[in-house]
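K.L.:
here you go, sequence then predicted model.
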Number of protein chains: 4
Amino acid sequence: MIAARLHAYHEPLRVESLAEPAMTGPHDVIVRIGGAGLCRTDLHVQEGQWAEKSGVVLPYTLGHENAGWVHEVGSAVENVAPGDTVIVHPLVTCGLCRACRAGDDVHCENNVFPGISVDGGFAQLLKTSARSVVRLDPALHPRDIAALADAGLTAYHAVRKAAALLYPGTRAVVIGAGGLGHIGIQCLKALTPAEIIVLDPSEEALALARESGADRTVRVDGSHVETVLEMTDGRGAEVIVDFVGERGAIEDGVGMLRQAGSYFVIGYGENVDVPTIDIISREINFIGNLVGSYNDLAELMTLTAQGRVTLHTSTYPLDAVNDAMADLDQGRLHGRGILVADAG
Amino acid sequence: MIAARLHAYHEPLRVESLAEPAMTGPHDVIVRIGGAGLCRTDLHVQEGQWAEKSGVVLPYTLGHENAGWVHEVGSAVENVAPGDTVIVHPLVTCGLCRACRAGDDVHCENNVFPGISVDGGFAQLLKTSARSVVRLDPALHPRDIAALADAGLTAYHAVRKAAALLYPGTRAVVIGAGGLGHIGIQCLKALTPAEIIVLDPSEEALALARESGADRTVRVDGSHVETVLEMTDGRGAEVIVDFVGERGAIEDGVGMLRQAGSYFVIGYGENVDVPTIDIISREINFIGNLVGSYNDLAELMTLTAQGRVTLHTSTYPLDAVNDAMADLDQGRLHGRGILVADAG
Amino acid sequence: MIAARLHAYHEPLRVESLAEPAMTGPHDVIVRIGGAGLCRTDLHVQEGQWAEKSGVVLPYTLGHENAGWVHEVGSAVENVAPGDTVIVHPLVTCGLCRACRAGDDVHCENNVFPGISVDGGFAQLLKTSARSVVRLDPALHPRDIAALADAGLTAYHAVRKAAALLYPGTRAVVIGAGGLGHIGIQCLKALTPAEIIVLDPSEEALALARESGADRTVRVDGSHVETVLEMTDGRGAEVIVDFVGERGAIEDGVGMLRQAGSYFVIGYGENVDVPTIDIISREINFIGNLVGSYNDLAELMTLTAQGRVTLHTSTYPLDAVNDAMADLDQGRLHGRGILVADAG
Amino acid sequence: MIAARLHAYHEPLRVESLAEPAMTGPHDVIVRIGGAGLCRTDLHVQEGQWAEKSGVVLPYTLGHENAGWVHEVGSAVENVAPGDTVIVHPLVTCGLCRACRAGDDVHCENNVFPGISVDGGFAQLLKTSARSVVRLDPALHPRDIAALADAGLTAYHAVRKAAALLYPGTRAVVIGAGGLGHIGIQCLKALTPAEIIVLDPSEEALALARESGADRTVRVDGSHVETVLEMTDGRGAEVIVDFVGERGAIEDGVGMLRQAGSYFVIGYGENVDVPTIDIISREINFIGNLVGSYNDLAELMTLTAQGRVTLHTSTYPLDAVNDAMADLDQGRLHGRGILVADAG
């Protein structure tokens, strides 16, 4: 089969021929990829930022945001059958450790992360497990929802945690209305009665934010922190959902956070660097967010089926993966980039 | 009356004569101080660290950790009467804002903080409000429990929040077994089934930790982070309760924190300075902690009455306040320092 | 002033002249009533069902669902001023007990319940307290929102508790789309992503339910339990919100409840009568619901200001109170009945 | 192998020879039983109370409270190996449905309940699954902890849910200090700071309650409800944990429940039969409790390993099963009855 693989850090991926993945366990599921989302994390992987954390051995196939059709199943698989349309949870998990049993399978003690630590979905076929596939309405096309498998799931997961803090009259400030941000806004709208204030430097992104459900939008222009404080009685917002995490977002975000408020970290790049005296005197919290659980993904697919979450995507053939990565890196990619290996 | 007052930052307090506080509202309560705790925050106030945050006007009376006997009450006060033994919640709150009604009176929109922003309890008399006094068994002497009003309350508050995360088999690492730490350990023991691991550079403090309920103690000696990792399956603890917040505590603490774990910030001094990629890839949280609510204080007094929380204190006459502050600053003060103005 | 008073159980109210309420404490607030909602509980009071529970002494003025304009305030009142438009929380509470401080002021140890245990708002003036008034936009007319003070607040309170259980893909079954029910449906829509299924014997009520946000409606016709089971994979709903509590509602409701589901009791009349073996083998819960807290009321007023909760009301002059009660009793009252004493 | 089987309702079990269970799936685990607990539910099964609910086909082997040593494992089992000492979670679950992934595997959509719906552990060998076995310290003997697999797990599960409501100063009333009750008391002691009040008609049971950690004990003698009200400021307890559920326990329990309190139903027999007006005016809750999850069982085993939960048991050889059941039925069985098939 064809796959896009990383042979060396800081170099383009190579689209090349590769042996098909082989079944090895009774719960294996091999998925024919219908769409694989391109993520800023793929750029970070290429730059080597995850080299040590993931322990991956080069070369390998990128792609951790996948949807497709079931191609082959192991002997003990009963929840899906060949031909089923599925979205793929990014992790392969054991189902036996405490985390897997406690709704927190992302912290599975034995997890494997295709596309990060082993071969992923920038390919015609992906090997995953019965525990990782969510069966979908066959009317859905994988390329239209693949980006929910990681970008959408991460946004949903953070919003679901934040939702417990958001009652009528509260405000959620969303920093960044790009690929994750515009999904996060829709999730906030679906799950909470909070007023949603969205910040972005781009007017185009703010227009997308309004379409996605933002109640108010603020252009990042130097006076944006003051503008948000004015919108929030001078006290700031109960919740900040930061999809950027760099270029000054964190300092801004902390400046817009209310006493006893919570800052949800999703975007990454810079440091959270805050004096402890401020953390204690304002009694504020910083909440880390990784991708969501399998149940989170199933819930997000429900919102999608109900039409409450929709995606903006741009499609590329798999062999144009390096063009897509360049477009993403240089801000030319509108919506989420989706790689398609087959006509489908 | 006599009071210990700050006239200028970086200078000793002056013990001087001052007019008694006057009743001005129907809910005022004037307390004759039986004991006033000395706190590291008093040193920080003297150094000017709180000057801007508190907006206080010099000179004023320090002391935010008070207990005594009711001296006089306003016309609408029904919950206490002159002569009652009381511990004083550090804040004067309005009772009408959302926070006051929601169990979060520490974030009262109209709060006043005697000892920080107005005259406090390093004096013979303190003016507070009916909302701030917890009536106690008259057998208790104020000097023996005064330190629970702020130090104890802060430790209890943080532990009560942490307790929701601590089930059998989890581990809580306590950094610092001093004035707050040894109360925090007792609170962890009373509220949770977690294994309690305590770190401190002082063997004497670790001995107090063991008396207070620590299951394991670790001397801070350079290999302490590794030691804790060994004690926690190489994965770290679900909860870190940091009563230090400086001298490397935070970096150590983050190194001992498990995936999906929570770091409770109580001690202050340095910055939390952590790469966002670590916060999201490990999905860890930083939780700020201020002093507890009135209900927290009432709960803590229940634990005290049951004998589950006891204090180590050293008593000084009020006019030796600068000696006490020097002892605290230079590490010569064992247990919590308590200033006593009257024979009582 | 004029007031509608109960002199004897099972007899009509008497509309008669009465001395105006007098200020007695520094936090008293006297409200000129602009609208007072009529409630099924007023019928139950007249029938004597609350005689023992409330300990009220006849004669007294009914009316526990009030809004109006501040008429006079006590010496210590700072949160409202004469002329302010206000909605009145049904209870007068102390602000000092644990419940008042914990967001649960409905269980204030010292509460007084105007309209139930002392004189209420079927009158020109009502005496309440500074703690009980929520200031509103002066553009609002009290008669248009009075019914939110109790009916709306009760529905909101139950829904807010249920909301914690309702994630995408879950179902909430609402039994009864009358005065409380149609508010409850709007609150469910505002606070949760659940699918809302509404049952009522009246097609007119079901039409109102659909306008209010019901996703599916089911006529109570004998096969309704089966219909709901079919709509819920044969397993029943995660949450039942029962605004009826009589005429077979409970048996039906339990039959539509999923394993591990929760039954919210709001309407009353009959008994919950369920074998313990069913409660434990299905692990189901029954959750009692009284009126909401002051903070709940403030949140509900936010939803109202945002246009997410609107009311259907019918207005009566105060001296037609017995006609209104008869209309309510005999099912002729559409929406919530509002009594108006003054032109306003 | 030898097994004790039910051939007809209302008749004694027959101890007879039976083919050994056969491996059929890759995750099967066959356990050599070291101890099987006898439960009041076994009497109810024999009486036919579960016939319809379980859908079981007679004859079959009873016994749902099992511990032993791993005898044989399926091809995909990696978490245990032959010879391991294990306690067996009572349910066989799928690991793929929402409930299994959400920490609620007791409500697995595909669960099988050995001893209730298929062959159980009153036998030499039991077939279960890799998901259901908790590996233990080999120093433990199965007969000493088998009763924790169901009785203990049920008590622990209910207490863990109640613990969230129990802060310092609250009271938990435990009804019944028998097999489950004495474990529940130990769990309350380990998990909460609440005052524990225990009721039982037997002085011997109350003595065991005190040993287990009860702060106060009350003999059920006709004035016990009043006694408990006196112990709780006349207001009742925040939490009732009812291990009896018959012989008047429920009416008593509701009479001892505080406003806004929660009644945990564990024992069964009679109905919860309470007027809805009482449920809403007191805003009380009834919480059903089934057996706990796998994670609950692992937590309980931690408490056991720490010495915080210990059991009182009486051992019978498997072929004396009908004597043991008669002893249990007639109140002659002290502690939990454990059946032992092998010398071990």
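P.N.:
Here it is on my side, so go on.

K.L.:
the stretch 151-300 of chain A: helices as residue ranges?
P.N.:
Assigned by DSSP state H, counting those that start in this stretch, the helices in the stretch 151-300 of chain A fall at A:151-163, A:179-191, A:203-212, A:224-231, A:249-255, A:276-281, A:294-305.

K.L.:
I'd like the ones you listed as TSV, with mean neighbour count appended.
P.N.:
Where you see a C-beta, it was placed from the backbone N, CA and C, and this is true even at glycine. What follows is the helices of the stretch 151-300 of chain A, written out as TSV (neighbours: other CB atoms under 10 Å in any protein chain shown):
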stretch	mean neighbour count
helix A:151-163	27
helix A:179-191	27
helix A:203-212	18
helix A:224-231	17
helix A:249-255	20
helix A:276-281	20
helix A:294-305	23
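
K.L.:
out of these, flag the one nearest D:Ala326.
P.N.:
For D:Ala326, the closest of those is helix A:294-305, at 46.5 Å, according to CB to CB.

K.L.:
which other helices and strands does that closest one contact?
P.N.:
strand A:133-135, helix A:151-163, helix A:179-191, helix D:98-101 (3 or more CB pairs under 8 Å, 6 or more residues apart in numbering or on different chains; DSSP states H and E).

K.L.:
so which of these is nearest A:Thr304?
P.N.:
Of all those, helix A:151-163 comes closest under CB to CB, at 8.1 Å.

K.L.:
give the contact list for A:Leu165.
P.N.:
A:Glu238, A:Val239, A:Ser262 (CB atoms under 8 Å, 6 or more residues apart in numbering or on different chains).

K.L.:
from the residues you listed, which land in strands?
P.N.:
Those of the contacts of A:Leu165 mapping onto strands are A:Glu238, A:Val239, A:Ser262, per DSSP state E.

K.L.:
can you tell me the closest non-neighbouring residue to the last one?
P.N.:
In other words, A:Ser262. A:Asn285 (4.4 Å; CB to CB, 6 or more residues apart in numbering or on different chains).

K.L.:
returning to what we had before: quick check, nearest of the ones in strands among the contacts of A:Leu165 to B:Asp323?
P.N.:
Nearest to B:Asp323 among the ones in strands among the contacts of A:Leu165, with distances taken as CB to CB, is A:Ser262, at 42.5 Å.

K.L.:
wait, doesn't the closest one sit right on A:Gly288?
P.N.:
No - here A:Ser262 does not reach A:Gly288: they are 11.4 Å apart, not a contact under CB atoms under 8 Å.

K.L.:
tell me the confidence at A:Gly178?
P.N.:
At A:Gly178, the model reports a pLDDT of 88.

K.L.:
ok, and the closest non-adjacent residue to it?
P.N.:
A:Ala205 (6.2 Å).

K.L.:
how close does that neighbour get to chain D?
P.N.:
Applying CB to the nearest CB, to the nearest Å, the value for A:Ala205 to chain D is 35 Å.

K.L.:
A:Val57 now?
P.N.:
Relative to chain D, A:Val57 is positioned 23 Å away (CB to the nearest CB).

K.L.:
just A:Met1 next, same as before
P.N.:
Distance from A:Met1 to chain D, by CB to the nearest CB: 27 Å.

K.L.:
hmm, that residue is touching A:Ala123, no?
P.N.:
Yes - the criterion here is CB under 8 Å, and A:Met1 meets it with A:Ala123 at 6.0 Å.

K.L.:
identify the contacts common to these two.
P.N.:
With CB under 8 Å, 6+ apart, A:Met1 and A:Ala123 have common neighbours A:Leu18.

K.L.:
quick one: which of these two has more around it?
P.N.:
A:Ala123 (29 against 15; other CB atoms under 10 Å in any protein chain shown).

K.L.:
enumerate every residue touching the more buried one.
P.N.:
Contacts of A:Ala123 (CB under 8 Å, 6+ apart): A:Met1, A:Ile2, A:Ala3, A:Ala4, A:Leu18, A:Ile33, A:Ala36, A:Thr61, A:Gly63, A:Leu318, A:Ala341.

K.L.:
show me which pair in these is furthest apart.
P.N.:
Largest separation among those by CB to CB: A:Leu18 and A:Ala36, giving 14.6 Å.

K.L.:
out of these two, which sits in the busier spot?
P.N.:
Applying other CB under 10 Å to A:Leu18 and A:Ala36 shows that A:Ala36 carries more neighbours, namely 37 against 17.

K.L.:
what's the pLDDT at the closest residue to A:Ala194 other than its chain neighbours?
P.N.:
Spatial nearest neighbour of A:Ala194, chain neighbours left out: A:Leu166 (3.9 Å); criterion: CB to CB, 6+ apart. pLDDT for A:Leu166: 98.

K.L.:
so A:Leu166 is in contact with A:Val239, correct?
P.N.:
Yes - judged on CB under 8 Å, A:Leu166 makes contact with A:Val239 at a distance of 6.1 Å.

K.L.:
can you check which residues contact both of those two?
P.N.:
A:Ala172, A:Ala194.

K.L.:
between these two, who's got more neighbours?
P.N.:
Neighbours were counted for A:Leu166 and for A:Val239 using other CB under 10 Å; A:Val239 has more, 29 against 23.

K.L.:
do I have it right that the more buried one meets A:Ile196?
P.N.:
No - taking contacts as CB under 8 Å, A:Val239 lies outside contact range of A:Ile196: 10.0 Å.

K.L.:
how about whatever helix or strand A:Arg5 lives in: buried residues?
P.N.:
Per DSSP states H and E: A:Arg5 is located in strand A:2-6. Using 16 or more other CB atoms under 10 Å in any protein chain shown as the test for burial, strand A:2-6 gives A:Ala3, A:Ala4, A:Arg5, A:Leu6.

K.L.:
pLDDT below threshold where in the stretch 201-344 of chain A?
P.N.:
A:343-344 (pLDDT under 70).

K.L.:
near chain D, which residues of it show up?
P.N.:
A:Ser293, A:Tyr294, A:Asn295, A:Ala298 (CB under 8 Å from any CB of the partner chain).

K.L.:
and what of the stretch 51-200 of chain A?
P.N.:
So the stretch 51-200 of chain A meets chain D at A:75-76, A:79, A:95-96, A:98, A:100-103, A:105, A:130-131 (CB under 8 Å from any CB).

K.L.:
now A:Pro114. Nearest residue, chain neighbours left out?
P.N.:
A:Gly120 (4.5 Å).

K.L.:
ok so the one you found is a strand residue?
P.N.:
No - counting by DSSP: H, G, I helix; E, B strand; the rest coil, A:Gly120 is not part of a strand but coil.

K.L.:
how near is it to C:Leu257?
P.N.:
43 Å (CB to CB, to the nearest Å).

K.L.:
what lies in contact with stretch A:216-227?
P.N.:
Taking CB under 8 Å, 6+ apart as the rule, stretch A:216-227 contacts A:177, A:195-201, A:203, A:206, A:209-210, A:228, A:231, A:252, A:255-256.
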